[in-house]
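**Q** what's the 3D shape of this:
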Amino acid sequence: MDIIISNVSRKPIYEQITDQIKEMVISGTLKEGEPLPSMRNLAQQLRISIITTKRAYEELEKEGFIESFTGKGSFVSRQNSDLLREVGLKQVEDALRSAVEKAKLCQLSIDELTGLLEMLYNGE
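**A** Here you go, the predicted model:
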């Protein structure tokens, strides 16, 4: 599993891990039932504290992305399509919020912004 940690990011490391694993689940890179590395193994690979990986796995489990079994490990859980859509919608909303803020700084009109969005969406 390829997880990239940025030491200059403002996001905590556990959040960087959870975000990347969520993205792998949403995109289908990680499939239902697929095992994740042990917390200890992931901590060693990333050269971080096991406490950090434990927190990331706990967050993922709380949000329904993984299931953990004592003595067996952690696995990608069966995904609820509504949950995946909601997560994706939140990501799109965050990206659009950022784009709107930048558009306002550049003094783009709503029509210009809408036209740009339509052009990008249609792949032009």
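**Q** Quick check: what element follows the helix or strand hosting Asp82 along the chain?
**A** Element membership for Asp82 (DSSP states H and E) is helix 81-105. Following helix 81-105 in sequence order, the next helix or strand is helix 110-121 (DSSP H and E).
**Q** Pick out the residue closest to the middle of the chain.
**A** Central residue of the chain (C-alpha atoms, centre = their mean): Asp19, 2.7 Å from the mean position.
**Q** That one against Ser9, yeah?
**A** No. Applying C-beta atoms under 8 Å as the test, Asp19 and Ser9 come out as separate, 10.2 Å apart. Bear in mind the C-beta positions are built from the backbone N, C-alpha and C, glycine included.
**Q** Against which helices or strands is the helix or strand of the chain with the lowest mean pLDDT packed?
**A** One helix or strand of the chain scores below all others by mean pLDDT, DSSP states H and E: helix 81-105, with a mean of 87. Applying 3 or more C-beta pairs under 8 Å, 6 or more residues apart in numbering; DSSP states H and E, we find helix 81-105 packed against helix 13-27, helix 110-121.
**Q** got the contact list for Glu86?
**A** By C-beta atoms under 8 Å, 6 or more residues apart in numbering, no residues touch Glu86.
**Q** and the gap between it and Ile5?
**A** According to C-beta to C-beta, to the nearest Å, Glu86 stands 26 Å off from Ile5.
**Q** now do Ile13
**A** On the measure of C-beta to C-beta, Ile13 and Ile5 end up 6 Å apart.
**Q** Ok, Lys104 next?
**A** Lys104 is 33 Å from Ile5, by C-beta to C-beta.
**Q** So which of these two has more stuff around it?
**A** Ile5 (14 against 11; other C-beta atoms under 10 Å).
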